[in-house]
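A.B. asks: make a model of this:
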Amino acid sequence: MSNINPNCDGSHRRHDYKEVRKNPSSSGDYFYLCLPCFAHETMHRHVRAKHTGHPEDGSQVSWSTAEVIFDKNGEPLDVEAAVRQGIVNHHQNGDRNANE
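C.D. replies: Now for the predicted structure:
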């Protein structure tokens, strides 16, 4: 079985990390990266900014706030379905907590 996530632009792709999020590049484009690649890119930018003395080059989006492109199953994110599921989960959890 291949270790590569075909949805990820990075070189540190791992099959177990199917979720892919959008990470802005310095040219204004975006990279679509899985968690290991996202972490590698974050560290690379931090080290580069430190070495060049330009801390503004190290600023970036965190994994937790980056836009999800492919969900945890590796499928394109359906925002409307995710919102509907979030509302259903919220109400189910709210009902469960109210009964306890």
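A.B. asks: what residues are up against N23?
C.D. replies: N23 sits next to Y30, F31, Y32, L33, F38, E41, Q60, V61, A66 when contact means C-beta atoms under 8 Å, 6 or more residues apart in numbering. Placement of C-beta: from N, CA and C, glycine included.
A.B. asks: repeat for L33
C.D. replies: Contacts for L33 (C-beta under 8 Å, 6+ apart) come out as C8, D9, G10, V20, R21, N23, E41.
A.B. asks: just give me the neighbour total for I4.
C.D. replies: Neighbour count of I4, defined by other C-beta atoms under 10 Å: 12.
A.B. asks: and it, how far is that from H12?
C.D. replies: 10 Å (C-beta to C-beta, to the nearest Å).
A.B. asks: and which of the contacts of L33 is nearest to H51?
C.D. replies: Nearest to H51 among those is E41, at 15.7 Å by C-beta to C-beta.
A.B. asks: and the pLDDT for that closest one?
C.D. replies: Per-residue pLDDT puts E41 at 90.
A.B. asks: can you tell me the element it falls in?
C.D. replies: Following DSSP states H and E, the helix or strand that holds E41 is helix 35-52.
A.B. asks: gap between that helix and the chain center?
C.D. replies: In terms of C-alpha atoms, centre = their mean, to the nearest Å, the centre of helix 35-52 is found 15 Å from the chain centre.
A.B. asks: now tell me what touches it from outside.
C.D. replies: By C-beta under 8 Å, 6+ apart, the surrounding residues in contact with helix 35-52 are 8-14, 17, 19, 21, 23, 31, 33, 55-58, 60, 63, 66.
A.B. asks: now these: which count as buried?
C.D. replies: Buried members of the contacts of helix 35-52, counted by 16 or more other C-beta atoms under 10 Å: 8-10, 12-13, 17, 19, 21, 23, 31, 33, 58, 60, 66.
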